[in-house]
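# Below is the sequence, then the predicted model.
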Amino acid sequence: MNDARNHDPTQGLPPDQRLAAYVACLAATKDRRAVREVVEREVLLCLIRTNSDRINEYPLLETQQRSIIEIVAARGAVDPLHGHIRKLVGEFVAQLGQYAKPGGGDSSQLRTRLVNTETQLLKCVQGVVYTTALCTDNFIETLVRAYGEEALGPSDAVSESTELDERFWRKHFEHFVVRMVDEAYDAIMTQEAFTLSKERSLLVIRYPFDALLERLCRTPKPLDKTRVQNLFEFETRDFASRKARKLVHDILQGMAARPDYPFASGDIDFISQIVCIDPAAREMEKLQTLLLSGGLTGDATGGAAGEAPGTDGEPPATPAPEVNAEQVQFLREQVVGMACSVAITLNLLREDFLRALDGFSPKETAIVRRTLGDFSLPCLGKALQSLLEFQFVTLLRRRAGEDMGKIHIRTRKERRTSVAAVETLFDSGLTRIRRNKLWQPDPGRSTMQLFRPQTATELESLLHLLQIEPQLAREIGSLWTDASFRVEFALYISLDLLSRSTTNLNQRLAELLSRFGITRL
């Protein structure tokens, strides 16, 4: 899991020292006569390093630090949303140039603008930090759920040696997907868990996917959540956070129609929730509500908004400061900057994840993309299942080699649920006749029952035919929705096509089957 520091954003170097560091960095780039892009990158790197103590959850590992810097300063530049960050960096460099001139440091207005722009840029970095931490933490938890705690060692080794890019995902896939499928295939062949049959002019080899899944059933103890995971989950329960999230969602939804802010509609919920981890979003919602209602901050002493005015219900000793539109706008700018960096990071993580897939067909890759979603635990669990399935098919394709044109591979899926879950429905009106019409025993697992209907439409028709009561129908529908799948891979070898390329079919067939580890019929 991510090793990070839980920082207080109010700590760190004082503003004067931070500005001095930026000015020194700018001067050094000018001495080298660096081009504008290099100047902006160097200043941005200086800003991140100078403020690492003020960035919450900033990682300790150098590989993870470099990953964050690369996303903010370089790799994210291909995303249209990065224009928002580039504009801020350009403004910051221009303001620094004015500040570095003789007498520039005496201008309190310029100094305030610099610190405000610095704050906005730090929020952009914060968005990258939160997103990378949450997505990788969820991914590692998914591995631990599947493989047990022994998955932590190999995963930590990858994290310590590899930046968060395509190579990061590729190394994880090689260890947890490719190797696992290779070992499972060898076990299937050694134990002769496959079946071989002839259907007219086709020779069919069937492989049960359960033979692979059984290697994943480690039932590990629950993994402790990281701070970022806890913060993200807290957003769904906290009332103030939910109000802020709705406001952020509405803002991003309204901006998404603009070509320079193409937030994907399917990602806005996730982006809003990440943004609301930061206090700026909740503060924006609170102050905007006060502003629209014509109220004050509610603080009698000039302290932070939302604090109690005093004790014993006494009236404030001094007038509470009024909320102004500039305050709300500044917080809104922070929120938008953070949202841009979250969206950029999520897009990059998805593309890196998909580029790391080797040998998958375009259709398979599209399914993984759709399943991957926002790197939530449910999405990653389904994605891992898809990766294992498609890797098994990829292995079969590679073993077929040049004869793939004579072979057809099919994946058959049947929904199933546990016998225990079906038994509970007898209290709601299920009978043995109804059960036998809806389910059949799973030949591979005695503890599971297979749904007889193959589609939701077939299920609905069968429920109507059996005159299932509404409450029982809802419970059956819930089991259907939450059902796992019995997966079987079938390899169809066309004997007609194979015979056209040889004068000795038996010898040719034996040679082909040997590639799949079958040495006798």
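Sure, I can see it.
# which residues of the stretch 401-521 of the chain fall in strands?
With strands called from DSSP state E, counting those that start in this stretch, the stretch 401-521 of the chain shows them at 407-418, 439-442, 445-451, 484-494.
# How about the first one, which residues are buried there?
To tie it back to what came earlier, the one meant is strand 407-418. Across strand 407-418, burial judged by 16 or more other Cβ atoms under 10 Å covers I407, I409, E414, R415, R416, T417, S418. C-beta coordinates here come from the backbone N, C-alpha and C atoms, glycine included.
# Dump the strands of the stretch 401-521 of the chain to CSV, plus distance to T195 and mean pLDDT.
Shown next, in CSV, are the strands of the stretch 401-521 of the chain (distance: least, Cβ to Cβ, whole Å; pLDDT from 0 to 100):
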stretch, distance to T195, mean pLDDT
strand 407-418, 13, 94
strand 439-442, 16, 95
strand 445-451, 16, 93
strand 484-494, 9, 94
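# nearest to Q471, of these?
The minimum distance between Q471 and the strands of the stretch 401-521 of the chain falls on strand 407-418, with 17.7 Å, by Cβ to Cβ.
# In space, what's closest to F353 - neighbours in sequence excluded?
W169 (4.9 Å; Cβ to Cβ, 6 or more residues apart in numbering).
# Quick one, which of the strands of the stretch 401-521 of the chain gets closest to M338.
Closest among these, using Cβ to Cβ: strand 484-494, at 37.5 Å.
# Tell me which other helices or strands that closest one touches.
For strand 484-494, the elements it packs on are strand 202-208, helix 377-400, strand 407-418, strand 445-451, judged by 3 or more Cβ pairs under 8 Å, 6 or more residues apart in numbering; DSSP states H and E.
# Dump the ones you listed into TSV; add distance to D137 as well.
Below are the helices and strands packed on strand 484-494 laid out as TSV (distance: least, Cβ to Cβ, whole Å):
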stretch	distance to D137
strand 202-208	33
helix 377-400	10
strand 407-418	30
strand 445-451	31
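# Out of these, which is closest to R54?
helix 377-400 (29.7 Å).
# just for the stretch 301-450 of the chain, where's the confidence low?
Filtered on pLDDT under 70, the stretch 301-450 of the chain yields the residue ranges 301-321.
# which SSE is the residue nearest in space to the middle of the chain in?
Nearest to the geometric centre of the chain sits F375, at 1.8 Å (Cα atoms, centre = their mean). According to DSSP states H and E, F375 maps onto no helix or strand at all.
# Report the contact partners of it.
L134, C135, N138, F139, L346, L349 (Cβ atoms under 8 Å, 6 or more residues apart in numbering).
# before we move on, back to that, and the residue nearest to F353, how many neighbours does it have?
20 (other Cβ atoms under 10 Å).
# List the contacts of it.
So W169 contacts D352, F353, R355, A356 (Cβ under 8 Å, 6+ apart).
# Might you report the residue contacts of V128?
So V128 contacts I68, I71, V72, S341, V342, I344, T345 (Cβ under 8 Å, 6+ apart).
# so which of the residues you listed is the most crowded?
Top of the contacts of V128 by neighbour count (other Cβ under 10 Å): S341, with 32 neighbours.
# and the residue nearest to F353, backbone torsions?
Main-chain dihedrals, W169, degrees, to the nearest 10: phi -70, psi -40.
# same check, this time on the one 4 residues further on
Backbone torsions of F173, given as degrees, to the nearest 10, read phi -60, psi -40.
# The residue nearest to it when sequence neighbours are not counted and V158, how far apart?
Using Cβ to Cβ, 6+ apart and skipping residues adjacent in sequence, the residue nearest F173 is A356, 5.7 Å away. According to Cβ to Cβ, to the nearest Å, A356 and V158 sit 12 Å apart.
# cool, and K382?
K382 is 22 Å from V158, by Cβ to Cβ.
# now L495
45 Å.
# out of the two, which sits in the busier spot?
The residue with more neighbours, out of L495 and V158, is V158; 19 against 16, by other Cβ under 10 Å.
# Contact partners for that one?
Contacts of V158 by Cβ under 8 Å, 6+ apart are F168, K171, H172, H175.
# Let's see that with 7 Å instead.
F168, K171, H172 (Cβ atoms under 7 Å, 6 or more residues apart in numbering).
# Of the helices and strands packed on strand 484-494, which is nearest E333?
If you check each of the helices and strands packed on strand 484-494 against E333 by Cβ to Cβ, helix 377-400 wins as the nearest, at 30.8 Å.
# doesn't Q273 make contact with A339?
No - applying Cβ atoms under 7 Å, one finds A339 not in contact with Q273, separated by 10.9 Å.
# Pick out whichever of the two has more residues nearby.
Between A339 and Q273, counted using other Cβ under 10 Å, A339 has the larger neighbour count: 29 against 24.
# Distance of the residue of the chain positioned farthest from its centre relative to V158?
Here the chain reaches farthest from its C-alpha mean at T503, the gap being 53.4 Å by Cα atoms, centre = their mean. Noted for T503: a distance of 51 Å to V158, by Cβ to Cβ.
# G444 too?
33 Å.
# What of R515?
31 Å.
# got it, and A24?
Taking Cβ to Cβ, one finds A24 at 36 Å from V158.
# now swap in E389 and tell me
Taken as Cβ to Cβ, the span from E389 to V158 is 23 Å.
# Please identify the buried residues of stretch 112-120?
Applying 16+ other Cβ under 10 Å to stretch 112-120 flags R113, L114, T117, E118, T119, Q120 as buried.
# So which bits of whichever helix or strand T289 is part of are buried?
Assigned by DSSP H and E, T289 belongs to helix 279-293. Buried residues in helix 279-293, counted by 16+ other Cβ under 10 Å: A280, A281, R282, E283, M284, E285, K286, L287, Q288, L290.
# again with stretch 354-361
Buried-residue list, stretch 354-361, by 16+ other Cβ under 10 Å: L354, A356, L357, F360.
# what's the helix or strand for the last one?
It stands for F360. With DSSP H and E as the test, F360 turns up in no helix or strand.
# what do you get for the third one?
Taking DSSP H and E as the definition, L357 sits outside all helices and strands.
# on that earlier part again, need the buried residues of stretch 112-120 in JSON lines with secondary structure and distance to R520, can you?
JSON lines is the format used below for those (DSSP: H, G, I helix; E, B strand; the rest coil; distance: Cβ to Cβ, whole Å):
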{"residue": "R113", "secondary structure": "helix", "distance to R520": "80"}
{"residue": "L114", "secondary structure": "helix", "distance to R520": "78"}
{"residue": "T117", "secondary structure": "helix", "distance to R520": "74"}
{"residue": "E118", "secondary structure": "helix", "distance to R520": "73"}
{"residue": "T119", "secondary structure": "helix", "distance to R520": "72"}
{"residue": "Q120", "secondary structure": "helix", "distance to R520": "70"}
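# Hey, what's the angle from the following helix or strand past the helix holding T289 to helix 279-293? Just curious.
Helices and strands here follow DSSP H and E; after helix 279-293, the next one along the chain is helix 325-355. Between helix 325-355 and helix 279-293, the angle comes out at 140 degrees (axes from the mean of the first three to the mean of the last three Cα atoms, to 10 degrees).
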